[in-house]
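Visitor: build me a model:
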Amino acid sequence: MGDIDLIRAALREADAGRKVALATVVATARSVPRHVGAAMVVYEDGTISGTIGGGEMESRVVAEARSAMIDGSPRRVQYRLVDPADGDPGVCGGDVEVYVEPYLKRPTVFIVGGGHVGRAVAELASWSGFDPVIWDDRTEVLDDIGSRTVSGDIATAVASLELDERAAIVVVTRNVAIDAEIMPVLLACPSSYVGIMGSRRRWDTTRALLESAGTSVAQLDRVHSPIGVEIGAETPQEIAVSIMAEVIAAAHTT
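Guide: Numbers count the residues shown, from 1 in each chain. Predicted structure coming up:
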């Protein structure tokens, strides 16, 4: 499999929602098993396609790649291939540097509410590199939405999505009663961002209801409300820009 084919294979895995990493030799000196540009795909279970030289060095890179899939962070690793007695993973006599890049599925933006703002957020989220999913309790509202949609019981919908720490939850529903009903389920998710649309007074009302029902202060303090960056937004599209700006900022600080 050629290097371009390896990159394509990594992208296919990520698009399918599976974790994968690409390891590429980026620098060498003296005698090494593979030279700059050699690449290897590492799958979540530790199996590989391609090779960057085999042996103990490759085994260590596989371990680094699996760690990168967990924390989502790329890394450069350097090895001297001189003296195994000194901990080196080889005896070729040279030095090699490998860049390990995890390819992860696009983070989910779970949009709770399929009205004008929810649709605008979904469109902008997709354009920004996220995977938008819209939930609404009114199935008829979801009929002509281009993004992925779910309906029915909110807890069942959340469980089916397996929202992780990289996910963002955007609540743009139509009233306080719905917010008070669904927020405990949403706050039980490990998502790094939870925002709810509405005035400060609306959130104060919702928060009081949730607190009286037993939701902890720590959980409630996670919520961004009013949602979005203050840009004087008025139209659904402008509000979507405001919301996604805050979502993106949160993604880069977690």
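Visitor: give me the distance between A250 and E13.
Guide: According to CB to CB, to the nearest Å, A250 and E13 sit 26 Å apart. From N, CA and C alone the C-beta is placed, and that goes for glycine too.
Visitor: of the two, who's got more company?
Guide: Taking neighbours as other CB atoms under 10 Å, A250 and E13 compare with E13 leading, 20 against 16.
Visitor: which residues does the more buried one contact?
Guide: Shown in contact with E13 (CB atoms under 8 Å, 6 or more residues apart in numbering): K19, V20, V41, Y43, Y103.
Visitor: please repeat the previous calculation with a cut-off of 7 Å.
Guide: Shown in contact with E13 (CB atoms under 7 Å, 6 or more residues apart in numbering): V20, Y43, Y103.
Visitor: state the mean pLDDT of the one helix or strand it maps to.
Guide: E13 belongs to helix 3-15 when assigned by DSSP states H and E. Across helix 3-15, the average pLDDT comes to 84.
Visitor: use 41 as the first number from now on
Guide: In the new numbering, first residue 41, that becomes helix 43-55.
Visitor: could you point out which element follows that helix?
Guide: Later in the chain than helix 43-55, the nearest helix or strand by DSSP H and E is strand 60-69.
Visitor: what's the angle between whichever helix or strand comes after that next one and strand 60-69?
Guide: Counting by DSSP H and E, the next helix or strand C-terminal to strand 60-69 is strand 79-83. Angle, strand 79-83 to strand 60-69, by axes from the mean of the first three to the mean of the last three CA atoms, to 10 degrees: 150 degrees.
Visitor: and the most centrally placed residue in the chain, how far is that from V157?
Guide: The residue lying closest to the centre of the chain (CA atoms, centre = their mean) is P147, at 2.9 Å. As judged by CB to CB, P147 and V157 stand 20 Å apart.
Visitor: wait, T64 touches E137, no?
Guide: No - using CB atoms under 7 Å as the test, T64 is too far from E137 to be in contact (9.8 Å).
Visitor: of those two, who's got more company?
Guide: Legend: neighbour count by other CB under 10 Å for T64 and E137, higher for T64 (19 against 16).
Visitor: so what's that one bridging to?
Guide: Beta-bridge partners for T64, by DSSP bridges, are A79, Y139.
Visitor: which stretches of the stretch 141-290 of the chain form helices?
Guide: Applying DSSP state H, counting those that start in this stretch to the stretch 141-290 of the chain gives helices spanning 156-167, 194-201, 216-227, 240-252, 257-260, 276-291.
Visitor: can I get these in JSON lines with mean pLDDT and distance to D123?
Guide: Formatted as JSON lines, those follow (pLDDT from 0 to 100; distance: least, CB to CB, whole Å):
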{"stretch": "helix 156-167", "mean pLDDT": "95", "distance to D123": "51"}
{"stretch": "helix 194-201", "mean pLDDT": "93", "distance to D123": "50"}
{"stretch": "helix 216-227", "mean pLDDT": "95", "distance to D123": "54"}
{"stretch": "helix 240-252", "mean pLDDT": "95", "distance to D123": "62"}
{"stretch": "helix 257-260", "mean pLDDT": "96", "distance to D123": "52"}
{"stretch": "helix 276-291", "mean pLDDT": "96", "distance to D123": "43"}
